[in-house]
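Participant: Structure for the following, please:
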Amino acid sequence: MATSKWSIDYSHTEIGFKVKHMMFTNLSGKFEKYEATIENEDDKFETTKVSFSADVNSITTANNDRDNHLRSADFFDAEKFPKLTFVSTGVKKLSDHNFIVTGDFTIKDVTKSIDLECEYSGLQKDPWGNVKAGATLTGKINRKDYGLLWNAALETGGVLVGDEVKINIEMELNKVAE
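Facilitator: Predicted structure coming up:
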């Protein structure tokens, strides 16, 4: 078996999330700085191993005040916990293009196992002969499970920030030349 190594194509990848705001709209955000080590055997997705980290200070929701609040001790506490991480522990093949990627997800000092649904687009050569792989990963977490507890009550009932955070990753990878 030959080990394949992959790098993130940063210009075609987005590490994003959505959370309910005021109980009725979805607020989107993303991390702009991140890195990963990705390997698999013989280009088979089901053998993929991932070690990923995102720089919490790179969080952006298109609102500077909100981004600074998210970096504060009320949420991510970026000064004390500058990274969030995901380390895969297994990949389960459901079909040729659908997988479940399980891994240890860490925010602050809390690590929990999560499952991400993966739609794998397969391998493709670009016009310059480079081998690419594409995948969409989705999942959800409860932010309170990771110590992200801040909230504000609404006058009409409910809260300002939802507990469920939807994860959405659009990823394009470059095969590293051997």
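Participant: Now Tyr34. Nearest residue, chain neighbours left out?
Facilitator: Leaving aside its sequence neighbours, Tyr34 sits nearest to Ala54 (CB to CB, 6 or more residues apart in numbering; 4.2 Å). Where C-beta positions appear, they are placed from N, C-alpha and C, glycine not excepted.
Participant: buried set for the helix or strand where the one you found lies?
Facilitator: Assigned by DSSP states H and E, Ala54 belongs to strand 49-55. Neighbour counts over strand 49-55 (16 or more other CB atoms under 10 Å) mark 49-50, 52-54 as buried.
Participant: and what of stretch 171-178?
Facilitator: Buried-residue list, stretch 171-178, by 16+ other CB under 10 Å: 171-175.
Participant: Wait, the residue nearest to Tyr34 touches Glu14, no?
Facilitator: No. Here Ala54 lies out of contact with Glu14, judged by CB atoms under 8 Å, at a distance of 11.6 Å.
Participant: so where is the chain shaky, pLDDT-wise?
Facilitator: Counting by pLDDT under 70, the chain contains low-confidence ranges at 178.
Participant: burial count for Leu84?
Facilitator: Applying the criterion other CB atoms under 10 Å, we find 21 residues in the vicinity of Leu84.
Participant: what residues are up against it?
Facilitator: Shown in contact with Leu84 (CB atoms under 8 Å, 6 or more residues apart in numbering): 31, 53-54, 56, 76, 105-107.
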